[in-house]
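Chemist: Sequence and computational prediction follow.
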There are 2 protein chains.
Amino acid sequence: MNIVIVGLGNIGSYFYNYLKKNKNNIFNKTNTNPNILFVSAKSFGKKRNFPLSKKMWLKNHLSATKNKNVDIIVELIGGAEGPAKRLVFEALKNKKHVITANKALVAKYGDQLSMIAEKNKVNFEFEGAVCGGIPIIRTIKEGLIANNINKIYGILNGTSNYILSSMDRDKLEYKDSLSKAQKLGYAESNPEADINGDDVASKLKILTALAFNSFINNKSILVEGIKDIDQVDINNSNKLGYKIKLVGVAELIKNKITQRVHPAFIKEKSYIAKIDGVLNAVIVESNPVGKTVLQGEGAGPGPTTSSLVSDLCSVLRGNVKFPFVLSAKKRKFAAFESINNKNFSTYLRVDVKDHHGVLSDVTNVLAKNKVSVKRLIQNPTISKKNASIVIITHEAKSSSYTKVLFMLKKKKYVINTPKMIRIENI
Amino acid sequence: MNIVIVGLGNIGSYFYNYLKKNKNNIFNKTNTNPNILFVSAKSFGKKRNFPLSKKMWLKNHLSATKNKNVDIIVELIGGAEGPAKRLVFEALKNKKHVITANKALVAKYGDQLSMIAEKNKVNFEFEGAVCGGIPIIRTIKEGLIANNINKIYGILNGTSNYILSSMDRDKLEYKDSLSKAQKLGYAESNPEADINGDDVASKLKILTALAFNSFINNKSILVEGIKDIDQVDINNSNKLGYKIKLVGVAELIKNKITQRVHPAFIKEKSYIAKIDGVLNAVIVESNPVGKTVLQGEGAGPGPTTSSLVSDLCSVLRGNVKFPFVLSAKKRKFAAFESINNKNFSTYLRVDVKDHHGVLSDVTNVLAKNKVSVKRLIQNPTISKKNASIVIITHEAKSSSYTKVLFMLKKKKYVINTPKMIRIENI
């Protein structure tokens, strides 16, 4: 089978070199030869630490989609729009198998793309798009195929998890932890998608569709990032027996699906709380198997290549499957529900001027909005002029918290935007 | 595709009922109808909590292997020999696909069986044989196909893990913990294979062959069970910052494979130490993906059915693969090494009469055999006539410990068989 690799960044280069070295291995396992016919990237002349022959270079990568000798196109350009989108659409339309690690593209256009693949009986594979080297997509589609999944959640982004772990372990402020992550190569120079929750959201949308046999839902999803987490919140979480983690959660309650991405207080003894650094972990709760946990390296050229090769072998074995488990005809227009109707306990932090009557007014705001206090600690700040009120609440509606935060923000004694972090019992 | 289920115990019954209920689901995911043609078990008349029609009953289960209408035989009889062995051999010889959860059979005859399956181009699937609902076999064969595995290990038996966890949590002696496990249905009335390590050994042999592309090795494997673990050892492990776990470990060192099953001191902060109760966990260390962890329910009808159905769907999709990843021609006659050449730290417990000179004699025995002491604690027993000497050693050869134990056992002051438990840094 003839392969074209488009995109030769960190991942593309690693994958290219892996294939060159492991051709025989793959042949032995699949009975089919993976032959790299062409590669394409922005610039042929770019310095690379491996040789590239001019014969293999494809000037116009889109021509691969029309070339009769090409069987498989591996898209490693990235981005939901532009050249990646055009390449993948054209490839599938021209009956080429497609392998991609592009989560933004799959989250946005996965439904359309999988319909084209289905119609043209080619593979559309994207194991590398979700959690790097953790074979979670294959596990949902094959290993756990017997199960009705009711919840899928986890730590789906290594960069943000590294930042939070490092804030916790090294007592760093958010900005310093981010700088450290960038220096160590765990965060990109533009880390926006990793820290604002978008990266997790893309992965979660794909997992949701796979887990619940639904179409991808880009609208009903709460997405909050980690930018607003302060060292004082990390410190408070530890005092209260929690860790703060950026989680992605999709669950089915009374036939309605909720999707959410946000930082959460997680009990420090729970499995999820102990996933530190750049690791990813996914937990699937399903019937009849119960709870299944997969943990591993969530990013990087090696882990992503592991997933790309598993996709490749699936194609080489001639194992065409519906990209989202079921035929598009059988996938559901499932009902999604906004998180606003869900009840949560939360951690609230309200920094106030230390005047008399303030505490009573704060608790009054809570009571008015039917939020009841489980635990409250008032700490003076170092200057002693101000105080930080930390509250753990009993369960209340999401919308109640919105009102509480709105009302508190307007109070003159509140000195900066009050913080609310959901407590997740996972 | 027509299916015959042979064996209707807990697992067979659950699987049968699952298939009846989920026929459409499976059709939607595989485009093929799974039709149960016949079932067979010891007695038709046995009370079952579901209806069985006489039409579906097969008196002689071996006749299924000769029936032209039968495509798939699911063997759920159990046992490495006797009817299970005969059924599976006959089925594969007659070109029927076989699905089994029989770890003893696969560990003993898996190589022969997979050769017959390969020759006859039928599937031989055994996901349910290793770690119940954890899709570890599919993960090695597909999800991690790109990787060179150098170590695979974990907690592979829920019964023994439950017993050890309960000894730890509830401060029970071994016998009481076993009785409790039996009452709760976590241990069978004859728990021999679970507690003597044989069950883990079967699973580990299968995993070793898959992980290292070798044939199954039934000879070079150390197998020790948990019978000799006392409450005092559990107590000592906690004092020293460890947990005692029954582990299975296979690793590749300098092109030689070692396989071992034994109780081990595991640092209490490690992931493996925290796997409690009936859970199973498998860790795969490989290149380029790094460390991958799978955790889940290791036994029971629901989890095992999850694996059986994943095997079934693989067959229904027409996805014939070599049962052990590679063709028999390509599998290796790998070199296996006895654990005797491996260095270990250990926990030693020597119960002695509290005479003068005893401690010095014990340490002298260690020194003579080149075992050096890292930590030593002497505790008086309640009666104060005797003492318990607890030693954590530096790394030394396995054979050195054998000599130490042999020499100590003969000493008059030693009041019962000295204990040695390996310390594993996993």
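Modeler: Sure, I can see it.
Chemist: In terms of helix, strand or coil, where does A:Glu251 fall?
Modeler: Look at A:Glu251: counting by DSSP: H, G, I helix; E, B strand; the rest coil, its state is strand.
Chemist: Please name the bridge partners of it.
Modeler: A:Glu251 forms beta bridges with A:Lys151, A:Thr258, as assigned by DSSP bridges.
Chemist: That one reaches A:Lys151, doesn't it?
Modeler: Yes - with contact defined as CB atoms under 8 Å, A:Glu251 counts as touching A:Lys151 (4.2 Å). In this view, the C-beta of every residue, glycine as well, is placed from N, C-alpha and C.
Chemist: Counting neighbours around each, name which of those two comes out higher.
Modeler: The neighbour comparison of A:Glu251 against A:Lys151 (other CB atoms under 10 Å in any protein chain shown) goes to A:Glu251, with 21 against 16.
Chemist: Contacts only, for that one.
Modeler: A:Glu251 is in contact with A:Asn150, A:Lys151, A:Ile152, A:Tyr153, A:Ile257, A:Thr258, counting by CB atoms under 8 Å, 6 or more residues apart in numbering or on different chains.
Chemist: excluding its backbone neighbours, what's nearest the fourth one?
Modeler: Nearest in space to A:Tyr153, with sequence neighbours left out and distances taken as CB to CB, 6 or more residues apart in numbering or on different chains, is A:Val249 at 4.0 Å.
Chemist: where's A:Asp276 relative to chain B, distance?
Modeler: Separation of A:Asp276 from chain B (CB to the nearest CB, to the nearest Å): 11 Å.
Chemist: Just give me the neighbour total for that residue.
Modeler: Neighbours of A:Asp276 (other CB under 10 Å): 16.
Chemist: repeat for A:Arg375
Modeler: A:Arg375 has 11 nearby residues by other CB under 10 Å.
Chemist: just the strands in the stretch 251-400 of chain A please.
Modeler: Here the stretch 251-400 of chain A has its strands, by DSSP state E, counting those that start in this stretch, at A:256-267, A:279-287, A:290-297, A:335-336, A:343-353, A:373-380, A:386-393, A:396-397.
Chemist: do the stretch 1-150 of chain A as well
Modeler: Assigned by DSSP E, counting those that start in this stretch, the stretch 1-150 of chain A shows strands spanning A:2-6, A:35-40, A:72-75, A:97-100, A:124-125, A:148-155.
Chemist: Between the ones you listed, which one is closest to B:Phe126.
Modeler: Nearest to B:Phe126 among the strands of the stretch 1-150 of chain A is strand A:148-155 (24.0 Å), distances taken as CB to CB.
Chemist: Next, the angle from the closest one to strand A:290-297.
Modeler: Interaxial angle, strand A:148-155 versus strand A:290-297 (axes from the mean of the first three to the mean of the last three CA atoms, to 10 degrees): 30 degrees.
Chemist: Do a quick rundown of the helices in the stretch 1-150 of chain A.
Modeler: Here the stretch 1-150 of chain A has its helices, by DSSP state H, counting those that start in this stretch, at A:10-21, A:23-30, A:82-93, A:103-119, A:136-138.
Chemist: ok, the nearest residue to A:Asp354 once chain neighbours are set aside - how many residues close by?
Modeler: Nearest residue to A:Asp354, sequence neighbours excluded (CB to CB, 6+ apart): A:Ala387, at 4.4 Å. Neighbourhood size, A:Ala387 [other CB under 10 Å]: 20.
Chemist: From chain B, how far off is the nearest residue to A:Leu240 once chain neighbours are set aside?
Modeler: Among residues not flanking A:Leu240 along the chain, A:Ile392 sits closest, at 6.6 Å (CB to CB, 6+ apart). The gap separating A:Ile392 from chain B is 25 Å, by CB to the nearest CB.
Chemist: Please name the bridge partners of A:Ile392.
Modeler: A:Tyr347, A:Arg375.
Chemist: residue contacts, it?
Modeler: Counting by CB under 8 Å, 6+ apart, A:Ile392 has contacts A:Leu240, A:Ser345, A:Thr346, A:Tyr347, A:Leu348, A:Val373, A:Lys374, A:Arg375, A:Leu376, A:Ile423.
Chemist: Buried among those? Make that a ChimeraX selection.
Modeler: In ChimeraX, a selection of the buried entries from the contacts of A:Ile392 looks like this (16 or more other CB atoms under 10 Å in any protein chain shown):
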select /A:240,345,346,347,348,423
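Chemist: Would you check which pair of the contacts of A:Ile392 lies furthest apart?
Modeler: A:Leu376 and A:Ile423 (14.7 Å).
Chemist: A:Ile423 touches A:Pro263, doesn't it?
Modeler: No - applying CB under 8 Å, one finds A:Ile423 not in contact with A:Pro263, separated by 10.8 Å.
Chemist: Format the strands of the stretch 1-150 of chain A as CSV; extra columns: mean pLDDT.
Modeler: Shown next, in CSV, are the strands of the stretch 1-150 of chain A (pLDDT from 0 to 100):
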stretch, mean pLDDT
strand A:2-6, 98
strand A:35-40, 97
strand A:72-75, 98
strand A:97-100, 98
strand A:124-125, 98
strand A:148-155, 98
